[in-house]
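J.: Sequence plus predicted model, see below.
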Amino acid sequence: MNEPVLVLNLNFEPLGVCSLKRAMGMIVLGKAEVLKNGRGYIRTPSRALPRPSVIRLGHLIRRPRLRVRLVKKEIFRRDGYRCQYCGRYTPRLTVDHVVPRRLGGQRRWDNLVSACPICNRKKGGKNLEATSMRLIRPPREPVPTALYRLGQYLQENKDWRPFLKGW
């Protein structure tokens, strides 16, 4: 009952993921409808209910545009888990300020990058101009598309892909 279920808004915009138990509750109460049933049925003494993998709400939820939180995990994810100076994949990444804080650098998306410990020590508290180092890709805030937010579930739930394409 803890399988993930994709929840779509009335206009088919992906809202998020909920548990199968929560989805079944919304379906029984008439708050949602089943769009994709790829998991079989749950049988009760009186009826058989579909085990949904995708549901759509019966009313429109208005919400502001989402933004990706500025946390270490999201910085690593944006940079593809590789050092932005040498391009090396390493399990021990650190976060580096492109413009060091002591020189007025702020904690913003366009000033933070992932770096391996070797490159982070090599750069130290200097600007890029003072070192011979270059960034592989300029840092920027990631766009929170549905594929970016819910991509971790696609490996197990291939039938969600058509619903996430346009968002």
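T.: Sure, I can see it.
J.: What lies in contact with stretch 49-64?
T.: 3, 5-12, 15, 20, 23-24, 26-28, 30-43, 157, 159-160, 163 (C-beta atoms under 8 Å, 6 or more residues apart in numbering). Yep, even glycine has a C-beta here, placed from its N, CA and C like the rest.
J.: Restricted to strands, list the residues you listed.
T.: 5-8, 15, 32-36, 41-43 (DSSP state E).
J.: Would you mind listing which of the contacts of stretch 49-64 are buried?
T.: Neighbour counting over these (16 or more other C-beta atoms under 10 Å) leaves 5-9, 20, 23-24, 26-27, 32, 34, 36, 157, 160, 163 as the buried ones.
J.: quick one: which of the residues you listed is nearest residue 145?
T.: Distance ranking of those against residue 145, using C-beta to C-beta, places residue 163 first at 12.8 Å.
J.: Compute the distance between that closest one and residue 95, please.
T.: 34 Å (C-beta to C-beta, to the nearest Å).
J.: which of the buried ones among the contacts of stretch 49-64 lies closest to residue 104?
T.: Closest approach between these and residue 104, by C-beta to C-beta: residue 9, at 42.0 Å.
J.: Which residue ranges make up the domains of the chain?
T.: Taking automatic domain parsing as the criterion, the chain consists of the domains 4-65+144-164, 69-143.
J.: any chance of those in TSV, with mean pLDDT too?
T.: Formatted as TSV, those follow (pLDDT from 0 to 100):
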stretch	mean pLDDT
domain 4-65+144-164	88
domain 69-143	93
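J.: could you check the distance from residue 49 over to residue 158?
T.: Taking C-beta to C-beta, one finds residue 49 at 23 Å from residue 158.
J.: Neighbour count for those two, which is higher?
T.: Using other C-beta atoms under 10 Å as the criterion, residue 49 and residue 158 rank with residue 49 on top: 14 against 10.
J.: three-state assignment of that one?
T.: Of the three states, residue 49 takes strand according to DSSP: H, G, I helix; E, B strand; the rest coil.
J.: repeat for the one 10 residues further on
T.: For residue 59, the reduced secondary structure class is coil; criterion used: three-state DSSP.
J.: what about it, how many residues close to it?
T.: Going by other C-beta under 10 Å, the residues that sit close to residue 59 add up to 8.
J.: do the same with the one 4 residues further on
T.: Counted with other C-beta under 10 Å, residues neighbouring residue 63 total 9.
J.: Remind me which helix or strand it belongs to.
T.: Secondary structure from DSSP states H and E places residue 63 outside every helix and strand.
J.: same thing with the one 3 residues further on?
T.: With elements delineated by DSSP H and E, residue 66 resides in a region that no helix or strand encompasses.
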